[in-house]
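# I would like the atomic coordinates for the input below:
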Amino acid sequence: MKEAKYLFAAALSSEVVAREVVRCVQLVDLPLAYQPLLTAIAKTVTANGHADLTKVALALNESGMEDPYPLLCSILEGTTVSSCITASDVPLLAEKFRRQRVSRSAAQFLREKDLASARDVLGELDTPLVSDPGVIAEPAIDEFIRTVERNAEQGGIVGYPTGLPSLDEATGGIIPGYMWALGGPTSSGKTTLATQIAMNTVLSGGPAIIFSLEMSRFRTLTRLVGCYLRMSATRIARGRVGPDEILSVRGTLELLATFGLRVYREKVDVDDMVRQCRAAKAADGKLGLVVVDFIQNASLVGYNSVMERLAECVRRLQAMAGELDVGVLVLSQLSNEMVRERGKGIFSYRYVPELAHAADVGLEMVDNADRMPATVTLFLKKQRDGGLGKIELEFQNEYSSFREVRSETDNR
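Below is the predicted model of the structure:
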């Protein structure tokens, strides 16, 4: 039953798919080989909110399966195909499994000339398998209240902190499932700010992935290490470090690896990025942030028009944010008009207006080269859940990071 294999591979890679599998799929409709796996995933999702691979293996072991890893490995061999399965496919597959089971049972009764039993079995199909998820039922109300209470306990910073106090206060941090857009002219500091945000996410317990579509992996890592050690990334890159500092650099890289930071340079196709993110979440059990630097360099098979390609890239990244319940930070060049207006013009990104529409939080960086020390102004130009404003940042080259100087934000 290949469809069941692909469905469970998707469930082990996607928190949203796993929850839908638990909600929709009935144990009796599955082949015997997959029934313990559904029970283990349901147990893990109930306890942890997601189907962590290690915890699923432990649940299988506790249920009496001596070595669950051959089963899990055989299922994950279908990861490439399972990447096409989304949460919206699960109810359809669950209904298909039910109909296949009912058809087999009814056929058996008919062969035995037991018409009454065949009629009873077929009668199951008169009852909807899955309740309407749009109905605001009691469990949904309870979950909503729990979320509000949990957010209150966190002081309003409900996502992963960016490390910029005014930005966190205005936005609530990098909220899972939200997509952020960060635009700025060349050399305005977009990558530096993005790596700083990624570093803060990792240190707050959220594994992060950086897809560097322009800068080498080495240069990206020097910025991350410099940000953590409060050391110049340029000095690290040029080898102007002593023996003790080399030990600190090595220790930082080992720490970041332990915390679940991944940096990719060769993955520029958006579908490859999505697959990698699903695999990372399946391996780590959670994913806090995905950074795409920058969107104009992203590719996608089957699109000749630049604007159509980039628009579809944005839509797939937005869908991934919801599917994996992960924050996505997309870096972009600005339109020429936006660069000229210096924070005052229409909110638009180069060749990809879809990004401005899709983003839950939209940011623009404007350099203030005429000021000493040189600063940049970070304009909060779009936000679905709160106010707008601007934050002035000073780049600290010796620390490879920005610090907040002053802010004017409307924290509604």
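
# hang on, isn't residue 334 packed against residue 182?
No - between residue 334 and residue 182 there is no contact under CB atoms under 8 Å: 10.3 Å. Glycine gets a C-beta too; all of them are placed from N, C-alpha and C.

# For the two, indicate the residue with more neighbours.
residue 182 (26 against 23; other CB atoms under 10 Å).

# what about the closest residue to residue 349 other than its chain neighbours, distance to residue 176?
Once flanking residues are discounted, residue 349 sits nearest to residue 332: 4.2 Å by CB to CB, 6 or more residues apart in numbering. Distance, residue 332 to residue 176, by CB to CB, to the nearest Å: 22 Å.

# Comparing the two, which residue is more hemmed in?
Remark: of residue 332 and residue 176, residue 332 carries more neighbours, 28 against 21, as counted by other CB under 10 Å.

# contacting residues for the nearest residue to residue 164 once chain neighbours are set aside?
In space, and not counting its chain neighbours, residue 164 is closest to residue 404: 5.3 Å by CB to CB, 6+ apart. The neighbours of residue 404, taking CB atoms under 8 Å, 6 or more residues apart in numbering as the test, are 164, 165, 166, 167, 391, 392, 393.

# hang on, the earlier thing: what separation do you get for the residue nearest to residue 349 and residue 353?
In terms of CB to CB, residue 332 sits 11 Å off from residue 353.

# Quick one: classify the most far-flung residue of the chain relative to its centre as helix, strand or coil.
Most distant from the centre of the chain: residue 113, at 53.6 Å, with distances by CA atoms, centre = their mean. Here residue 113 is recorded as coil under DSSP: H, G, I helix; E, B strand; the rest coil.

# Tell me the confidence at the closest residue to residue 383 other than its chain neighbours?
Leaving aside its chain neighbours, residue 383 sits nearest to residue 361 (5.2 Å; criterion: CB to CB, 6+ apart). With respect to pLDDT, residue 361 scores 95.

# And for residue 276?
pLDDT recorded at residue 276 is 90.

# Correct me if wrong: it contacts residue 209.
Yes - assessed by CB under 8 Å, residue 276 is found in contact with residue 209 at 7.0 Å.

# which neighbours do the two share?
With CB under 8 Å, 6+ apart, residue 276 and residue 209 have common neighbours 262, 264.

# More neighbours: these two, which one.
Shown here are residue 276 and residue 209; by other CB under 10 Å, residue 209 has more neighbours (24 against 17).

# helix or strand right after the strand or helix carrying the more buried one?
Using DSSP states H and E, the element containing residue 209 is strand 208-212. Downstream of strand 208-212, the next assigned helix or strand under DSSP H and E is helix 217-229.

# For the helix or strand just after that following helix, which outside residues touch it?
Sequence-wise, the next helix or strand downstream of helix 217-229 (DSSP H and E) is helix 233-237. Helix 233-237 is contacted by residues 218, 219, 222, 223, 225, 226, 227, 241, 249, 397, 400 when judged by CB under 8 Å, 6+ apart.

# so which two of these are the farthest from each other?
Using CB to CB, the pair of those lying farthest apart is 218 and 397, separated by 18.6 Å.

# Could I get the contacting residues of residue 205?
160, 259, 288.

# Just give me the closest of the residues you listed to residue 408.
Residue 408 lies nearest to residue 160 out of the contacts of residue 205, by CB to CB, at 23.9 Å.

# what sits against the closest one?
Contacts for residue 160 (CB under 8 Å, 6+ apart) come out as 173, 174, 200, 201, 204, 205, 206, 288, 289, 327.

# out of those residues, which are buried?
For the contacts of residue 160, a burial check counting by 16 or more other CB atoms under 10 Å picks out 173, 174, 200, 201, 204, 206, 288, 289, 327.

# Just these: which are in helices?
200, 201 (DSSP state H).

# List the ones among the contacts of residue 404 that fall in helices.
Going by DSSP H, the helices hold 165, 166, 167 from those.

# now those residues as TSV including pLDDT?
Formatted as TSV, the ones in helices among the contacts of residue 404 follow (pLDDT from 0 to 100):
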residue	pLDDT
165	91
166	92
167	93
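
# Write the ChimeraX selection for whichever of the residues you listed are buried.
Buried residues within those, by 16+ other CB under 10 Å, are selected in ChimeraX with:
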select :166,167
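
# Closest one of the ones in helices among the contacts of residue 404 to residue 31?
So of the ones in helices among the contacts of residue 404, ranked by how close each gets to residue 31 (CB to CB), first place is residue 167, at 50.3 Å.

# okay, now the residue lying closest to residue 156 once chain neighbours are set aside: neighbour count?
Nearest residue to residue 156, sequence neighbours excluded (CB to CB, 6+ apart): residue 172, at 6.2 Å. Neighbourhood size, residue 172 [other CB under 10 Å]: 22.
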